[in-house]
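> Give me the fold of what follows.
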Amino acid sequence: MDVVDAVVVGAGHHGLVAANLLADAGWEVLVCEAADHPGGAVRSAEITAPGFVNDLFSAFHPLAAASPVLAELDLPAHGLRWRHAPSVLAHVTPDDRCVVLHRDPHRTAASLDTFAAGDGAAWLELVAQWERIRDPLLETFLRPFPPLRGAPRLLRALGAAEGLRFARTLVQPVRGFVREHFRGEGAGLLLAGNALHTDLGPDSAGSAVFGWLLSMLGQDVGFPVPEGGAGRLTDALVARLHSRGGRIDCGRPVRGIEIRDGRAVGVRDAEGAVVAARRAVLADLAAPLLYRELVGEEHLPARFVRDLAGFEWDTATVKLDWALDAPVPWTAEGARGAGTVHLGADSDGLRRYTADLTAGRLPQEPFLLFGQMTTADPGRSPAGTESAWAYTHVPRGLGWAGSELLRHADRIEETVERVAPGFRALIRARHVAGPPDLQHRNPNLVDGAINGGTAAIHQQLVFRPVPGLGRADTPVEGLFLAGSSAHPGGAVHGGAGANAARAALAASGPVGPAYRWAVRAAHRRLYRDG
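Sure thing, here's the model as predicted:
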């Protein structure tokens, strides 16, 4: 029987971040991964044609580039290199108008002024605010809850009056935010389109802050890609872990958490072998999968189980990858140099798209997130060609057969063709993944949910994944939730994994007895019946 200090279940990027931090503290760490390769949703492969590198899930990584968590790991020392497209993002409307987000804020401002004079100046005001609060905001957002270090610094940077208005922005729909700050449609396209990197539409509470955050990150660090494919970020995390003595067993699915006297003491793999954990078990898994399938509801408070029934997934996803014989023939010049392109909807179209999703209807006008990977990283495909992808959201539970999925894939290509005539003639090969395909490739992406649960405000902070402490600690002592179902949520930033590692270290450190007592007491109050 293997005996280690900590077992990490899942070698997604959060699990690898957690394992690295525990190894840094001198712990003996084993990562058990069900798939044959580490990386979870940060992987790449040739799935279309030879010589074309496609990212299987995540592709552009602004939060990873800005994350203080990942910065502390110094991944460039382990092979990670960032590459940038000439421009960050373009939004092309169905009538071929185009607004472009550049890393130079003044160029972005000039693009916005073509929609309405004066909007550029308003944009630069937002950028100035971002520059004042960037570091404390990211600390507040990514570190364990409550943010005892970052929040006071953020409040000092904002001041009382601006802080109150910023708090309002945190819960504001992006449509209202745009109406208060801008006159033309351009800024709204950038902000609402970026908000839709989550599952929040223009009229959803909380969508303003997500649209603003991604837009400001685009101004700051761009939407960079790892040179050679998203999997190179995983490779850097793996190399760093190995350099510190950590182990990864791929092709070793975990079938259960071993629990003794209310405490997690190890894991049981698919062959029935047990790995004992002296100090902690950390799980980079979707919360419902961890609690229902690996822990078992009999080990959880009844109130917690009832709360878990209310966990809400984000919408499902359809993703296409292409090998193209030439760059995409956009008629809007601004889209040609953008690494990321939003298309298929103007402001009203974005509202119709999200209204359809909310109502459980398949959108007839799909809004697309489109990636031009060779434009961002020339080594992704042979010279003169393009490795590209697009995804769109669809309602959950469609249960599509292959023919229905392929019809929707054709609709996606038709959407691109309307603003890039000749696109379909360039397709050398394509790969289509519907919700079941994404889940099969990564079981955490249940029915194609790529965000680890909705980003809506009722499932953030102390409400993620259920009402509680907003921390990685679970009702099972010694078990820590390290995946995107935990605060701070989806995207590639390492926050959830780092928070789980820090909680495990605190529970085993000099103040461990007091820490564990406080967590137990809080959980008893939170989850007692009556």
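> Now do the same contact list for P288.
Neighbour list for P288: 308, 311, 446, 465, 485 [criterion: CB atoms under 8 Å, 6 or more residues apart in numbering]. Bear in mind the C-beta positions are built from the backbone N, C-alpha and C, glycine included.
> Repeat that for A280.
5-7, 22, 264, 478-480, 504, 507-508.
> so of these, which ones are in strands?
Using DSSP state E, the members of these that fall in strands are 5-7, 264, 479-480.
> If any of the contacts of A280 are buried, give me the ChimeraX selection for them.
Command for ChimeraX, covering only those of these found buried under the criterion 16 or more other CB atoms under 10 Å:
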select :5,6,7,22,264,478,479,480,504,507,508
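> before we move on, the earlier item: nearest to T340 among the ones in strands among the contacts of A280?
Nearest to T340 out of these is F480 (CB to CB; 33.4 Å).
> for the closest one, which residues make a bridge with it?
L282, D473 (DSSP bridges).
> Next up, the contacts around it.
Shown in contact with F480 (CB under 8 Å, 6+ apart): 280-283, 472-474, 500-501, 503-504.
> which of those count as buried?
280-283, 472-474, 500-501, 503-504.
> out of the contacts of F480, what pair is the most spread apart?
T474 and A501 (14.3 Å).
> who does the longest helix seen in the chain touch, helix- and strand-wise?
Looking across the chain with DSSP state H, the single longest helix is helix 119-142. When contacts are defined as 3 or more CB pairs under 8 Å, 6 or more residues apart in numbering; DSSP states H and E, helix 119-142 sits against helix 68-73, helix 105-113, helix 150-158, helix 185-195, helix 207-220, helix 495-508.
> contact partners of the last one?
For helix 495-508, contacts defined as CB under 8 Å, 6+ apart pick out 6, 13-19, 21-22, 25, 67, 69, 141-144, 279-280, 282, 284, 471-473, 477-478, 480-484, 486-489, 512, 515-516, 519.
> Tell me the helix or strand right after that helix.
Next helix or strand after helix 495-508 toward the C-terminus (DSSP states H and E): helix 512-527.
> Buried residues, that next one. List them.
Buried-residue list, helix 512-527, by 16+ other CB under 10 Å: 515-516, 519, 523, 526-527.
> Just the mean pLDDT for it, thanks.
Per-region confidence: helix 512-527 scores 95 on mean pLDDT.
> tilt between that helix and helix 495-508?
Using axes from the mean of the first three to the mean of the last three CA atoms, to 10 degrees, the direction of helix 512-527 lies 120 degrees away from that of helix 495-508.
> now helix 512-527, how far from the chain's geometric center?
Distance, stretch centre to chain centre, for helix 512-527: 30 Å (CA atoms, centre = their mean, to the nearest Å).
> Show residues contacting it.
Outside helix 512-527, the residues that touch it by CB under 8 Å, 6+ apart are 301-304, 307, 467-469, 471, 473, 475, 477, 506-507, 509.
> how does it look with 6 Å?
The contact list for helix 512-527, computed with CB atoms under 6 Å, 6 or more residues apart in numbering, reads 301, 303-304, 468-469, 473, 475, 506-507.
> any idea which of these has the most stuff around it?
Comparing the contacts of helix 512-527 by number of neighbours (other CB atoms under 10 Å), D473 comes first, having 28 neighbours.
> Distance of that one relative to M1?
In this view, D473 and M1 are 26 Å apart by CB to CB, to the nearest Å.
> Kindly report the same for G399.
G399 is 42 Å from M1, where distance means CB to CB.
> C-alpha coordinates for stretch 467-474, CSV please?
Taking C-alpha atoms only, stretch 467-474 is exported to CSV below (Å, rounded to 0.1, in the frame of the first residue of the first chain):
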residue,chain,number,x,y,z
PRO,A,467,-23.7,28.0,1.0
GLY,A,468,-20.8,27.7,3.3
LEU,A,469,-17.4,29.2,4.1
GLY,A,470,-16.3,29.9,0.6
ARG,A,471,-13.1,27.9,1.3
ALA,A,472,-11.6,24.6,0.2
ASP,A,473,-12.4,22.9,3.5
THR,A,474,-15.2,20.3,3.2
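> for it, what is the average pLDDT?
96.
> can you count the residues close to the closest residue to R292 other than its chain neighbours?
Nearest residue to R292, sequence neighbours excluded (CB to CB, 6 or more residues apart in numbering): L308, at 7.6 Å. Using other CB under 10 Å, L308 is surrounded by 16 other residues.
> can you count the residues close to the closest residue in space to F60 that isn't next to it in sequence?
Counting by CB to CB, 6+ apart, F60 lies nearest to F223, which is 3.9 Å off, once chain neighbours are set aside. By other CB under 10 Å, the residues close to F223 number 26.
> Tell me if F223 really is in a helix.
No. Checked against DSSP: H, G, I helix; E, B strand; the rest coil, F223 lies outside a helix; its state is coil.
> my read: it touches V88, true?
Yes. Counting by CB atoms under 6 Å, F223 does reach V88; the two are 5.1 Å apart.
> Now do the SS call for R361.
coil.
> Could you report the separation of it from L137?
In terms of CB to CB, R361 sits 36 Å off from L137.
> For the two, indicate the residue with more neighbours.
L137 (23 against 11).
> Leaving out chain neighbours, which residue sits closest to that one?
Closest to L137 by CB to CB, 6+ apart is L154, at 5.7 Å.
> Could you double-check that the one you found sits in contact with T140?
Yes. Counting by CB under 6 Å, T140 is a contact partner of L154 at 5.2 Å.
> So E180 versus A383, what's the distance?
47 Å.
> Equivalent analysis for A110, please.
32 Å.
> which of the two has more neighbours?
Comparing A110 with A383 by neighbour count (other CB under 10 Å), the higher total belongs to A110, at 14 against 7.
> The more buried one - nearest residue in space that isn't next to it in sequence?
G120 (6.0 Å).
> residues in contact with that neighbour?
109, 112-113.
> do the same with W130
Shown in contact with W130 (CB under 6 Å, 6+ apart): M216.
> now do 10 Å
Contact analysis of W130 by CB atoms under 10 Å, 6 or more residues apart in numbering lists 105, 137, 212-213, 215-217, 219-220.
> just to revisit the earlier point, verify the stated contact: the residue nearest to L137 with Q129.
No. Assessed by CB atoms under 10 Å, L154 is found out of contact with Q129, at 11.7 Å.
> Out of those two, name the residue with the larger neighbour count.
The neighbour comparison of L154 against Q129 (other CB under 10 Å) goes to L154, with 22 against 17.
> how about L237, secondary structure?
Criterion first, three-state DSSP; result for L237: helix.
> pLDDT score assigned to the residue most central in space within the chain?
Geometric centre of the chain, nearest residue: A491, 1.6 Å, by CA atoms, centre = their mean. Looking at A491, its pLDDT is 95.
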